[in-house]
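>>> coordinates for the following, if possible.
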Amino acid sequence: MQPQLVVIGFILLIILILVVIEIYGRIKLKKLVQDKWGKLPRSQKLDQEASLNDARNKAKAYRTYDSEIDDITWYDLDGIAVFDQINATYSSVGSEALYQRLRNFNLTNENQDRLESLIQYYQENPTSREEIQYQFAYLGKKDHNHVESYLNETKNQELGNTSFFVFLGILPILLLLTLFILPKAITVLLLIGSMLFNVIYYRAKKEALERELACMSYLVRSIATAKKIAKVATPFQSELKTNLKKIVSITKFGISFRIKSDSEAELFFDYISMMFMLPFISYHVVLDKIIHYEHEAKEVWRLLGELEVAAAVLNYRIYMPDTCQPIFTEEIAVDGTEVYHPLLATPVPNDVAWTKNTLVTGSNASGKSTYVKSIAISCMLASTINTALALTFSLPRGHILTSMAVEDDIFEGDSYFIAEIKSVKRILDLVEKGEPCLCFIDEILKGTNTIERIAASSGMISWLQPYQALAFVATHDIELTEILKEYCTNVHFEEQVTKEKGVTFDYLLRQGPSTSRNAIQLLQVLNYPHEVVNRAKAEAHYFDAHRTWQVINGKNQPD
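I've put the predicted structure just below:
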């Protein structure tokens, strides 16, 4: 057998192996998409919140929203943990869009209607849904891809003069052609010199180039993904095709922006790219196209995000115990049956009938904070992804704010109380503007003494009365239930204390203010000194009878 045939055969075998590996990888990826459907998303290293939030802040520069889940509310409601439960996305386009949707929303039906049209399509066309998810999975994820930054600041992303890079890239080709015209020695030296210059110049710009090309790589591959998805007859097919027309040609330059490997062949291709300045030239050709059709590029990116978010929301509705589509009402009221907290392994559902400011009382660990958070989370998810964690749920369209997990701010030099009143003040400021607001406060003003806390809390809550706002306040201060009984609904949670089991909770909501004295009873169960328990009981009884505290002295010591 001739050596040439052996070499050709070996090359064909390598190509065949690579093709088989590629086909196997695609089959495996499709199987993964099928197997993960209808299940809790697995935790993943990518989609770090710093990357997601950076993309959100860049997008806010050119996208407008009516309302925002601010950082305090997001932190109070364990927003990133809720996001992780919903995040069945396969690409950074989808995960960034989902994060943005959970943090920013409009007070209209339009976005909800678009979401539901896609969800209905996916329910009726599971094969198409799988194909779309597969395309996103093939695209994959890349934290800090900076695409939102580029779409917002395209004109500031140039690396230099395009003509200069084209000249450097064409020069080696021209010198090759002159080998048959000019003296070979001179031409070869010029050819080698131009190639070395290009490689050195590329290396000198490499640090800036890597970030720029990484961004451009993900953007170009996203548009290539959009081109494939546009073949599927989704409700957004026409919209996607229209916006792709002007920019789809940039996918021809995808070879310069593909995923890099560490193979010898990849190293060889890199040096060829450097010698002919392919990355710089491709980058500027693509950038020029994006600059001229910036709106279309932004729309394609947004549409891709919507397509993947809808699949993730449907997946969430499938695997969660109970979900419903909320009903939005003109009345400032929240009504729900069997509302539950999504982050608990075995949550206890409770109803909510929130038509006026509400105080939730009860002892520590009885369930009041969890209950308040469960309502707040369903309000957030209802407003953003049109999904409530309940059997039925209705609410008004409005802003959602919380003040719960307040901490000292060592950087601002704020004490706990200062940080707390700043947190509550931002709520009052928005309410005062006349905006519809749903407010959730846990342990209101607990950073100060009892008298001032009760006085200030009652003043704040009664002040809310004439505004388009509802407050849900968890508190230990039973006095507030009496002071505000004309302004507030009272509900509470109870614990059971027995000598055999100690303290236990059923986490069931009860109407009216808390009246239990189980904290003192627990002292007795835990074998506190007899005198301590009797003194506590006597003081509590005296306060109940006289609504004031007596001075302790030797004459009124209990037996």
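>>> contacts only, for the closest residue to residue 489 other than its chain neighbours.
Nearest residue to residue 489 in three dimensions, chain neighbours excluded: residue 358, at 4.6 Å (CB to CB, 6 or more residues apart in numbering). Where C-beta positions appear, they are placed from N, C-alpha and C, glycine not excepted. The contact partners of residue 358, by CB atoms under 8 Å, 6 or more residues apart in numbering, come to 470, 471, 472, 473, 488, 489, 490, 491.
>>> name the helix or strand for the second one, please.
Following DSSP states H and E, one finds residue 471 within strand 469-474.
>>> can you name the next helix or strand after that strand?
helix 478-483.
>>> flag every buried residue along the helix or strand just after that following helix.
Following helix 478-483 in sequence order, the next helix or strand is strand 489-492 (DSSP H and E). In terms of neighbour count (16 or more other CB atoms under 10 Å), strand 489-492 has its buried residues at 489, 490, 491, 492.
>>> each with direction, which strands does strand 489-492 pair with?
strand 358-361 (parallel), strand 510-511 (antiparallel) (DSSP bridges).
>>> winner for burial among the ones you listed?
By mean neighbour count, with neighbours taken as mean count of other CB atoms under 10 Å, strand 358-361 ranks first of the strands paired with strand 489-492 at a mean of 25.
>>> rounded mean pLDDT for that strand, please.
What strand 358-361 shows for mean pLDDT is 94.
>>> need the CA coordinates for that strand. CSV is fine.
Provided in CSV are the C-alpha atoms of strand 358-361 (Å, rounded to 0.1, in the frame of the first residue of the first chain):
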residue,chain,number,x,y,z
THR,A,358,-52.1,42.5,60.0
LEU,A,359,-50.1,41.7,63.2
VAL,A,360,-48.7,38.2,63.7
THR,A,361,-47.9,37.2,67.2
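>>> show me what counts as buried in stretch 420-429.
Quick answer for stretch 420-429 (16+ other CB under 10 Å): 420, 421, 423, 424, 427, 428.
>>> got the CA coordinates for that stretch in CSV?
Below are the C-alpha coordinates for stretch 420-429, written out as CSV (Å, rounded to 0.1, in the frame of the first residue of the first chain):
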residue,chain,number,x,y,z
GLU,A,420,-33.3,48.9,61.0
ILE,A,421,-35.0,52.3,60.9
LYS,A,422,-33.3,53.0,57.5
SER,A,423,-34.7,49.7,56.2
VAL,A,424,-38.2,50.6,57.4
LYS,A,425,-37.9,54.2,56.2
ARG,A,426,-37.3,53.1,52.5
ILE,A,427,-40.7,51.4,52.8
LEU,A,428,-42.5,54.4,54.2
ASP,A,429,-40.9,56.6,51.5
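>>> so what touches that stretch?
Here stretch 420-429 has contacts from 70, 72, 401, 403, 406, 414, 437, 439, 441, 444-447, 460, 463, using CB under 8 Å, 6+ apart.
>>> narrow those residues to those in helices?
72, 460, 463 (DSSP state H).
>>> residue 137 and residue 28 touch, don't they?
No: between residue 137 and residue 28 there is no contact under CB atoms under 8 Å: 10.4 Å.
>>> just give me the neighbour total for residue 533.
When neighbours are defined as other CB atoms under 10 Å, residue 533 has 19 of them.
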